[in-house]
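**Student:** Sequence and predicted structure, then a few things I'm wondering about:
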Amino acid sequence: MKTFDLLHDPWPWYVVGPLMGATIPLLLFWGNRMLGASSSLKHLCALLPSKAEYFQYDVRNGYWNIAFSIGVCLGAAICFHYFYDTNQVTIASATVEDLQQLGLSDFSGMMPYEIFGISSFTETRYWLFTVVGGFLVGFGVRYAGGCTSGHGFMGLSLMSRASFLAILAFFGGGMFFTFFLLPYFLS
């Protein structure tokens, strides 16, 4: 039987799930803070000189959020660099079969080379999907009042109906892209 390596093996869902779930009450009870990452961009923009009324507020209450988002990015980069072997990505065989039906064949890295490789960005459709998709995600996050983690963790834990609807929209949009747009994107 293989022993569990805390730093190199994926942690089981029954450990990670409760740890992630414990973040919500810790933030609420000890810091009176709500979890979310998308508002950090708003706070960063508010630090810059602007005449837009949307960015005219006291940003000092958002410093913790900026630090949180920077910490998440730095922590991910450090873990990826020191503890993750990109040649050992394992995905389910059913997923590999589905991706092969869509025309993908290179599963050696973190992301499919046919979509995210340097050569793919010489085609207009990749730029179009990237720019339009990025704009829609950014607009949707601000319009919905938060990102997936904010609505999924914080909003649902507070039983927010708006967060429930936002999560349905996030997943519905992801499924629409996967089943209807991705095949066109790859053809």
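**Tutor:** Done, it's in.
**Student:** Okay, buried residues for the helix or strand hosting Ala67 please.
**Tutor:** Following DSSP states H and E, one finds Ala67 within helix 63-83. For helix 63-83, a neighbour-count test (16 or more other CB atoms under 10 Å) marks Asn65, Ile66, Phe68, Ser69 as buried. Heads up, the C-betas are built off the backbone N, CA and C, glycines and all.
**Student:** Arrange those in JSON lines, one row each, with distance to Met175 and pLDDT as further columns.
**Tutor:** Compiled in JSON lines, the buried residues of helix 63-83 are given as follows (distance: CB to CB, whole Å; pLDDT from 0 to 100):
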{"residue": "Asn65", "distance to Met175": "30", "pLDDT": "86"}
{"residue": "Ile66", "distance to Met175": "32", "pLDDT": "89"}
{"residue": "Phe68", "distance to Met175": "29", "pLDDT": "87"}
{"residue": "Ser69", "distance to Met175": "27", "pLDDT": "88"}
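**Student:** Put together CSV for these, with distance to Leu104 on each row.
**Tutor:** As requested, these are exported to CSV (distance: CB to CB, whole Å):
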residue, distance to Leu104
Asn65, 37
Ile66, 37
Phe68, 35
Ser69, 31
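**Student:** where do the helices sit along this structure?
**Tutor:** Listed in chain order, the helices of the chain (DSSP state H) span residues 13-31, 39-47, 63-83, 93-101, 113-116, 124-143, 148-149, 156-157, 161-176, 182-186.
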